[in-house]
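**Q** Kindly generate the corresponding structure for this input.
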Amino acid sequence: MLSVSFKPGENFIIDSRKAEKAESAVKKVKEILEKEDIPNIRGMSNEDAANI
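**A** Numbers count the residues shown, from 1 in each chain. As a prediction, the model looks like this:
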């Protein structure tokens, strides 16, 4: 089980070795929350996340 909390307006990045896997996880989070319009949750590769 994973528990995560963040404040509205904060950026939340899910990263993985493959960007597609991270993007899939973002989609699942949005489905669980039943909200599609969450612009500050993003999925990307580990490399891209490290360069932010």
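**Q** Okay, now the unreliable bits of the chain?
**A** Counting by pLDDT under 70, the chain shows low-confidence ranges at 1-2.
**Q** Going along the chain, name the helices of it.
**A** Along the chain, counting by DSSP state H, helices occupy 19-33, 46-50.
**Q** Just send those back as JSON lines, with mean neighbour count and distance to Glu10 too.
**A** C-beta coordinates here come from the backbone N, C-alpha and C atoms, glycine included. Formatted as JSON lines, the helices of the chain follow (neighbours: other C-beta atoms under 10 Å; distance: least, C-beta to C-beta, whole Å):
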{"stretch": "helix 19-33", "mean neighbour count": "14", "distance to Glu10": "14"}
{"stretch": "helix 46-50", "mean neighbour count": "12", "distance to Glu10": "15"}
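**Q** where's Lys28 relative to Gly43, distance?
**A** Distance of Lys28 to Gly43, computed by C-beta to C-beta, to the nearest Å: 10 Å.
**Q** Check Ala49 too.
**A** Going from Ala49 to Gly43 by C-beta to C-beta gives 9 Å.
**Q** Let's have the helices of the chain in CSV, adding distance to Lys7.
**A** As requested, the helices of the chain are exported to CSV (distance: least, C-beta to C-beta, whole Å):
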stretch, distance to Lys7
helix 19-33, 15
helix 46-50, 19
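**Q** Out of those, which is closest to Ile13?
**A** Set against Ile13 and scored by C-beta to C-beta, the helices of the chain come closest in helix 46-50, at 5.3 Å.
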